[in-house]
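>>> pasting a predicted model and its sequence here:
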Amino acid sequence: MKDFYLEIKHIDKKTGARYGILHTPHGDVEVPMFMPVGTLATVKTLSPEELKSMGSGVILANTYHLSIRPGADIVAKAGGLHKFMNYDGPILTDSGGYQVFSLAEKRKITEEGVHFKNHLNGDKLFFSPEVAIDIEEKLGADIIMSFDECIPYPSSYEYTKRSTERTLRWAKRGKDAHKREDQALFGIVQGGDYEGLRKMCAEELAKMDFPGYSIGGTSIGEPKDVCFRMIDYAVKYLPEDKPRYLMGVGSIDYLLGGVARGIDMFDCVLPTRLARHGALMTSTGRVNIRDAKYKEDFSSLDENCDCYCCRNYTKAYLRHLYVCDETFGKRLLSIHNIRFLIRLMEGAREAIKEDRFQEYMDEKLAQFGDKRGF
RNA sequence: GGAGGGGUAGCGAAGAGGCUAAACGCGGCUGACUGUAAAUCAGCUCCUACGGGUUCGGCGGUUCGAAUCUGCCCCCCUCCA
C-alpha cells in the first residue's frame, strides 16, 4: 500500500537509533514514538482532543475486546473506528494475540486457531488468523496486527519452536486473507529467548514482505537483558526500511533501550494504568501521589513537565482527588504520564537528529533511575 | 420515676468461658502494575528494646482460665409516665 511507509530521515551515528516519518492514511507521525493504548476504543479517561493536545500520534485498540463489545459489525456500521471513537489520527489494532497469553486459562490453541471462553460471560469464541483479519478490516485501523501467540516467558525451546512456526503459518494465512488496501498489516516476530528461532521467524516474515514488523513476546515479566537480547536477535534480520514495533513496552529504560536497538514504535498500558493507580513518572523519579507526604505539597507534580496537569494543579490537589477516587484525578494523572512518555520520545528524536542519542539515553537513565516500572 | 436495649481497636460491627491481640467493613499507611479480565491487586494498621507487655465503659468477684459468667457503679439509646 502506497499510503503507508516509513521515511527514515536520520540514523544516529553511534547507536543506530532511527529518526523518521511514518506516513499513514490518517496523517504523518514522527518516530520513534510511544503509542497510548485504548483497548476498548478509548484511552481510558481521555478524550481524543486531550490526546491530540499531548502530541499523540498512533493510538491502539484491541480486536478481541472490540469484537465482544460492541462487536465489529457495529463499529463498521459506525463508519469504522476513527469515526466511532472520533479519533482522526492513525489507529493500530492489536489482533488478540496478546489475549492468547493474558487469557491463557480461558483458551485452547489449535493449528486452526484459538478457542476462547469469553472472559465476560463464558461464551465460546473462535479466533483464527482469518477471523482476526476479518474483524480488523471491519474495525478499519490504519495498522493492523497479525494474529499470533504471545509466548510466555520462560518457555522451553521445543514449545517456543512449535509455537513460533505456527505463528509464522498464521502470519501467512492472515496476509492471504487481508484485502483492504488502506491498512498496513504487520508481521510479529516471536521466538522467545532463542536466537535461532527469532532469526528464523524474522527472516521468514521478511520474505513475506510485510509493510512493518513487530517484536512480540516481550515485556511479559522477563528480565531486561533478556528483553534487549530478544530485540537484538530479531532486529538484525528485519528489513531496514520498514517500521519496527516493540510490543508492550512503556517504561523509560525499555523505551530508550529499544530506540537504541533500532525500534521505531512502542505501545504500553503502563502510563495510563499507573496513572489510574496513582503512580506517576516524573523527571525526578516515580511519585505515588497517594503518599501522605504530598498532603500539603503545593508544588506541581513535575516542575519540568509542560502538560496540562503539571501546569495547572498541585500535588496536594492531585492527592486529594486520588484519595477521594475522583475521576478528574485519574484523567489529570493519565494526561501527565502519557505526555511524559511522548516528551521522552520527542527528546529522543531530537537527540537522534543530532547524533547524540547515547548521551540523551545516559542522561535520562541517570535522571529517572535505570529500573523497571518507570 | 417505670420498662427494655446497649457500651469491643480511629469509626462501624462480629464474638457470648480456653482454638481471641480479638472476624469483617470503612478509614489510615505502603507497595506492585508493561501488545488492559486492572479506576485493580497485595501487605501493614494496640505498644514493643520482638523476649514480651497492656486491652473489649469502671472497680471488684467466680474460675486453672473472662471481651464472654457475676455484683455494684458510670454513661448512652428507645418506649411508658
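Perfect, I can see it now.
>>> tell me the pLDDT at the residue of chain A found nearest RNA strand B?
When distances are taken as Cβ to the nearest atom of the strand, chain A reaches nearest to RNA strand B at A:Cys150, 2.1 Å away. (C-beta placed from N, C-alpha, C; glycine too.) The model reports A:Cys150 with a pLDDT of 97.
>>> now name the helix or strand holding it.
If you go by DSSP states H and E, A:Cys150 is not part of any helix or strand.
>>> same check on the one 4 residues further on?
With elements delineated by DSSP H and E, A:Pro154 resides in a region that no helix or strand encompasses.
>>> around it, how many other residues sit close by?
Number of residues near A:Pro154 (other Cβ atoms under 10 Å) recorded here: 12.
>>> follow-up on the earlier one: need phi/psi at the residue of chain A closest to RNA strand B.
phi -80, psi 110 (degrees, to the nearest 10).
>>> just for chain A, where's the confidence low?
A:1-2, A:369-374 (pLDDT under 70).
>>> find the centremost residue of it, please.
A:Asp267 (1.6 Å; Cα atoms, centre = their mean).
>>> residues contacting that residue?
A:Phe34, A:Met35, A:Pro36, A:Val37, A:Leu60, A:Leu92, A:Tyr245, A:Met247, A:Gly248, A:Val249, A:Gly250 (Cβ atoms under 8 Å, 6 or more residues apart in numbering).
>>> need the contact list for the residue nearest to it when sequence neighbours are not counted.
The shortest distance from A:Asp267 to any non-neighbouring residue, by Cβ to Cβ, 6 or more residues apart in numbering, is to A:Met35 (4.2 Å). For A:Met35, the contact set (Cβ under 8 Å, 6+ apart) comprises A:Ser56, A:Gly57, A:Val58, A:Ile59, A:Leu60, A:Leu92, A:Met265, A:Phe266, A:Asp267.
>>> can you rerun that using 10 Å?
A:29, A:43, A:56-60, A:90-92, A:143, A:245, A:250, A:265-268, A:341-342, A:345 (Cβ atoms under 10 Å, 6 or more residues apart in numbering).
>>> before we move on, back to that, mind putting the contacts of A:Asp267 into CSV with secondary structure?
CSV is the format used below for the contacts of A:Asp267 (DSSP: H, G, I helix; E, B strand; the rest coil):
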residue, secondary structure
A:Phe34, strand
A:Met35, strand
A:Pro36, strand
A:Val37, strand
A:Leu60, strand
A:Leu92, strand
A:Tyr245, strand
A:Met247, coil
A:Gly248, coil
A:Val249, coil
A:Gly250, coil
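>>> ok, which of those also contact RNA strand B?
The subset of these within reach of RNA strand B, by Cβ under 7 Å from any atom of the strand, is A:Val37, A:Leu60, A:Met247, A:Gly248, A:Val249, A:Gly250.
>>> could I get stretch A:146-164 in PDB with only the CA atoms?
Extracted C-alpha coordinates of stretch A:146-164, given in PDB (Å, rounded to 0.1, in the frame of the first residue of the first chain):
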ATOM      1  CA  SER A 146      -1.200 -10.500  12.500                       C
ATOM      2  CA  PHE A 147      -2.800 -13.000  14.800                       C
ATOM      3  CA  ASP A 148       0.000 -14.600  16.800                       C
ATOM      4  CA  GLU A 149       0.600 -16.400  20.100                       C
ATOM      5  CA  CYS A 150       2.400 -14.200  22.600                       C
ATOM      6  CA  ILE A 151       4.500 -16.900  24.100                       C
ATOM      7  CA  PRO A 152       5.000 -16.900  27.900                       C
ATOM      8  CA  TYR A 153       8.500 -16.400  29.400                       C
ATOM      9  CA  PRO A 154      10.200 -18.600  30.100                       C
ATOM     10  CA  SER A 155       9.100 -21.300  27.600                       C
ATOM     11  CA  SER A 156      11.000 -24.400  26.500                       C
ATOM     12  CA  TYR A 157      12.800 -24.500  23.200                       C
ATOM     13  CA  GLU A 158      10.500 -27.200  22.000                       C
ATOM     14  CA  TYR A 159       7.400 -25.300  22.800                       C
ATOM     15  CA  THR A 160       8.700 -22.000  21.500                       C
ATOM     16  CA  LYS A 161       9.700 -23.600  18.200                       C
ATOM     17  CA  ARG A 162       6.400 -25.200  17.700                       C
ATOM     18  CA  SER A 163       4.500 -22.100  18.600                       C
ATOM     19  CA  THR A 164       6.700 -19.800  16.600                       C
END
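>>> in it, what counts as buried?
A:146-153, A:155, A:160-161, A:163-164 (16 or more other Cβ atoms under 10 Å).
>>> and what of stretch A:114-125?
A:Val114, A:Phe116, A:His119, A:Leu125.
>>> now the residues you listed as a markdown table including secondary structure and distance to RNA strand B?
Listed next are these as a markdown table, based on DSSP: H, G, I helix; E, B strand; the rest coil; distance: Cβ to the nearest atom of the strand, whole Å:
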| residue | secondary structure | distance to RNA strand B |
| --- | --- | --- |
| A:Val114 | strand | 12 |
| A:Phe116 | strand | 11 |
| A:His119 | coil | 4 |
| A:Leu125 | strand | 13 |
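>>> what residues does the stretch 51-200 of chain A put near RNA strand B?
A:60, A:62, A:65, A:94-95, A:97-99, A:101-103, A:105-106, A:119-120, A:145, A:148, A:150, A:188.
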